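Undergrad: for reference, the sequence and a predicted model appear below.
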Amino acid sequence: MDLLPHIEIEPATTANASIIWLHGLGANGHDFEPIVPELNLPESMAVRFIFPHAPEIPVTINGGYIMPAWYDILEMSIERKVDKEQLVQSAQAIQAFIDREIERGIASERIIVAGFSQGGAVGFHAALTYPKPLAGLLALSTYFATFDSIDLAPANKTLPIQIFHGTHDQVVPEIHGKNSVKFLTALGFKPGYQTFSMEHAVCLEEINAISEWIQTALSE
């Protein structure tokens, strides 16, 4: 599979870990590029950041307007009806990045998948169906769209998962974050869950918490 267009940020020394970070609807890989220096990760962690760009497709809830999207959103109901076939295809495209990192010498246990909003929904599926153990999954202001159809990979049935959500999020209301915890717990996971007084965004307090979680996930 050809890799999606993407941005890579290399560490000061040879990379020994990788984070593949997915943006939200209508954005692109540049969206989270500025967060890298704000994380203040120790140089010794030598993390390579990869920010893929989603393909441009028509999005039903936006009147069929063509924009960067990991999958079509059919209805903005609380059930969040989405094109699951497209979501799975995007998850497979992200798994191709994981494969490539392993080929480049990064152990699968040193690879984190992170995603915001739509990107987080893809991140859930990509990480939880990947056949080799990963370092962790970071789910930001998102929802677990394939909870009722996912075929979990045995290698990641104890994957460390951290969910962050804004209490004032009107795009992806916090109930989606809470439901993700409920669905994951029912599947046998023990996800972490933390909220921040913010809307559908990322705040400084959250960035600090993300940094702490990454350092913990990559130190084990």
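TA: Noted; the coordinates are in hand.
Undergrad: switch to C-alpha atoms for all contacts and neighbour counts from now on
TA: Noted.
Undergrad: tell me how many other residues crowd residue 82.
TA: By other CA atoms under 10 Å, 17 other residues sit near residue 82.
Undergrad: what's the longest helix belonging to the chain packed up against?
TA: Longest helix of the chain, by residue count under DSSP state H: helix 84-103. Applying 3 or more CA pairs under 8 Å, 6 or more residues apart in numbering; DSSP states H and E, we find helix 84-103 packed against strand 17-22, helix 118-128.
Undergrad: tell me how far the last one lies from the chain's centre.
TA: Distance of helix 118-128 from its chain centroid, counting by CA atoms, centre = their mean, to the nearest Å, is 5 Å.
Undergrad: so for the next helix or strand after that helix, mean pLDDT?
TA: The helix or strand immediately downstream of helix 118-128 is strand 136-140, counting by DSSP states H and E. Mean pLDDT, strand 136-140: 98.
Undergrad: equivalent analysis for stretch 92-102, please.
TA: Mean predicted confidence for stretch 92-102 is 98.
Undergrad: can you pull out the low-pLDDT segments for the chain?
TA: By pLDDT under 70, the weakly predicted segments of the chain are 1, 77-79, 220.
Undergrad: which SSE is residue 14 in?
TA: Applying DSSP H and E, one finds residue 14 in no helix or strand.
Undergrad: so how far is residue 206 from the closest residue to it other than its chain neighbours?
TA: Leaving aside its sequence neighbours, residue 14 sits nearest to residue 46 (CA to CA, 6 or more residues apart in numbering; 6.5 Å). According to CA to CA, to the nearest Å, residue 46 and residue 206 sit 22 Å apart.
Undergrad: ok, how many other residues are close to residue 148?
TA: Neighbours of residue 148 using other CA under 10 Å come to 8.
Undergrad: so which of residue 46 and residue 206 has more stuff around it?
TA: residue 206 (20 against 17).
Undergrad: what angle do the host helix or strand of the more buried one and strand 136-140 make?
TA: Residue 206 belongs to helix 204-217 when assigned by DSSP H and E. Going by axes from the mean of the first three to the mean of the last three CA atoms, to 10 degrees, helix 204-217 is angled at 170 degrees with respect to strand 136-140.
Undergrad: so what's residue 7 up against?
TA: The neighbourhood of residue 7, defined by CA atoms under 8 Å, 6 or more residues apart in numbering, consists of 29, 30, 50, 51, 52.
Undergrad: that one falls within a strand, correct?
TA: Yes. Secondary structure of residue 7 (DSSP: H, G, I helix; E, B strand; the rest coil): part of a strand.
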